[in-house]
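Student: curious how this folds, go ahead:
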Amino acid sequence: MKNFKVGDKCYITENAKVGLGLPDGVEYTIKDILQDDVEFKIVLNAEEFGRDWVQFFRAEELMAVE
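Tutor: The predicted model follows:
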(Lines give C-alpha, C1' and ligand atoms only; values in the text may rest on other atoms or scores of the structure.)
Protein backbone atom coordinates (compact mmCIF):
# COMPACT_ATOMS: atom_id res chain seq x y z
CA MET A 1 0.00 0.00 0.00
CA LYS A 2 1.29 3.44 -0.93
CA ASN A 3 2.23 5.85 1.82
CA PHE A 4 0.02 8.79 1.00
CA LYS A 5 0.93 12.37 1.93
CA VAL A 6 -0.89 15.70 1.92
CA GLY A 7 -1.26 17.02 -1.62
CA ASP A 8 -1.24 13.59 -3.31
CA LYS A 9 -3.91 12.90 -5.92
CA CYS A 10 -5.92 9.68 -5.61
CA TYR A 11 -9.09 7.84 -6.51
CA ILE A 12 -11.35 5.97 -4.09
CA THR A 13 -12.30 2.32 -4.34
CA GLU A 14 -15.55 1.15 -5.90
CA ASN A 15 -16.91 0.06 -2.51
CA ALA A 16 -16.24 3.50 -0.99
CA LYS A 17 -17.86 5.26 -3.99
CA VAL A 18 -20.97 3.11 -3.86
CA GLY A 19 -21.24 3.34 -0.07
CA LEU A 20 -21.13 7.13 -0.17
CA GLY A 21 -23.05 7.58 -3.43
CA LEU A 22 -20.14 9.34 -5.15
CA PRO A 23 -19.73 9.42 -8.95
CA ASP A 24 -17.06 7.61 -11.00
CA GLY A 25 -14.01 9.33 -12.44
CA VAL A 26 -13.45 11.94 -9.75
CA GLU A 27 -9.83 12.68 -8.79
CA TYR A 28 -9.41 13.56 -5.12
CA THR A 29 -6.67 15.46 -3.33
CA ILE A 30 -5.45 14.58 0.15
CA LYS A 31 -6.11 17.69 2.20
CA ASP A 32 -4.98 16.39 5.60
CA ILE A 33 -3.95 13.24 7.44
CA LEU A 34 -5.19 13.20 11.01
CA GLN A 35 -2.81 12.14 13.79
CA ASP A 36 -5.61 11.30 16.23
CA ASP A 37 -6.56 7.70 16.94
CA VAL A 38 -9.58 7.62 14.63
CA GLU A 39 -10.64 5.10 12.00
CA PHE A 40 -10.93 7.54 9.08
CA LYS A 41 -7.67 9.52 9.18
CA ILE A 42 -7.39 10.78 5.60
CA VAL A 43 -9.28 13.93 4.63
CA LEU A 44 -10.02 14.25 0.91
CA ASN A 45 -11.46 17.05 -1.16
CA ALA A 46 -12.42 17.30 -4.82
CA GLU A 47 -12.84 20.41 -6.93
CA GLU A 48 -15.91 18.87 -8.61
CA PHE A 49 -17.82 19.12 -5.32
CA GLY A 50 -16.78 22.66 -4.38
CA ARG A 51 -13.90 24.15 -2.48
CA ASP A 52 -15.27 23.43 1.00
CA TRP A 53 -16.35 19.80 0.43
CA VAL A 54 -14.36 17.20 2.41
CA GLN A 55 -14.84 13.55 3.31
CA PHE A 56 -12.90 11.21 5.59
CA PHE A 57 -11.43 7.87 4.42
CA ARG A 58 -9.20 4.99 5.49
CA ALA A 59 -5.94 4.48 3.55
CA GLU A 60 -7.19 1.14 2.19
CA GLU A 61 -10.06 2.97 0.47
CA LEU A 62 -7.65 5.00 -1.68
CA MET A 63 -5.90 4.21 -4.97
CA ALA A 64 -2.92 6.21 -6.19
CA VAL A 65 -3.21 8.14 -9.45
CA GLU A 66 -0.73 6.59 -11.87
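
Student: now do the SS call for residue 60.
Tutor: Secondary structure state of residue 60, per DSSP: H, G, I helix; E, B strand; the rest coil, is helix.

Student: okay, it and residue 11: tell me how far apart.
Tutor: For residue 60, the distance to residue 11 under the criterion C-beta to C-beta, to the nearest Å works out to 13 Å. Yep, even glycine has a C-beta here, placed from its N, CA and C like the rest.

Student: when these two are compared, which one has more neighbours?
Tutor: Neighbours were tallied for residue 60 and for residue 11 using other C-beta atoms under 10 Å; the higher tally belongs to residue 11 (18 against 10).

Student: tell me which element that one falls in.
Tutor: Assigned by DSSP states H and E, residue 11 falls within strand 9-12.

Student: can you tell me the centre-most residue of this protein?
Tutor: residue 44 (4.0 Å; C-alpha atoms, centre = their mean).

Student: I'd say it and residue 12 touch.
Tutor: Yes - between residue 44 and residue 12 a contact is recorded at 7.5 Å, counting by C-beta atoms under 8 Å.

Student: where do the contact lists of those two overlap?
Tutor: Common contacts of residue 44 and residue 12, defined by C-beta atoms under 8 Å, 6 or more residues apart in numbering, comprise 28, 57, 62.

Student: tell me what residue 30 is bridged to.
Tutor: The bridge-partner assignment for residue 30, based on DSSP bridges, gives residue 44.

Student: so where's this protein uncertain?
Tutor: 1 (pLDDT under 70).

Student: now do the helices in it.
Tutor: Chain-ordered helices for the chain, with DSSP state H as the definition, fall at 14-20.

Student: any idea how far residue 30 is from residue 54?
Tutor: 11 Å.

Student: overlap of the contact sets of those two?
Tutor: Contact criterion C-beta under 8 Å, 6+ apart; residues shared by residue 54 and residue 30: 43, 44.

Student: can you name the farthest residue from the center of the chain?
Tutor: Outermost residue of the chain with respect to the C-alpha centroid, by C-alpha atoms, centre = their mean, is residue 37; its distance is 17.8 Å.
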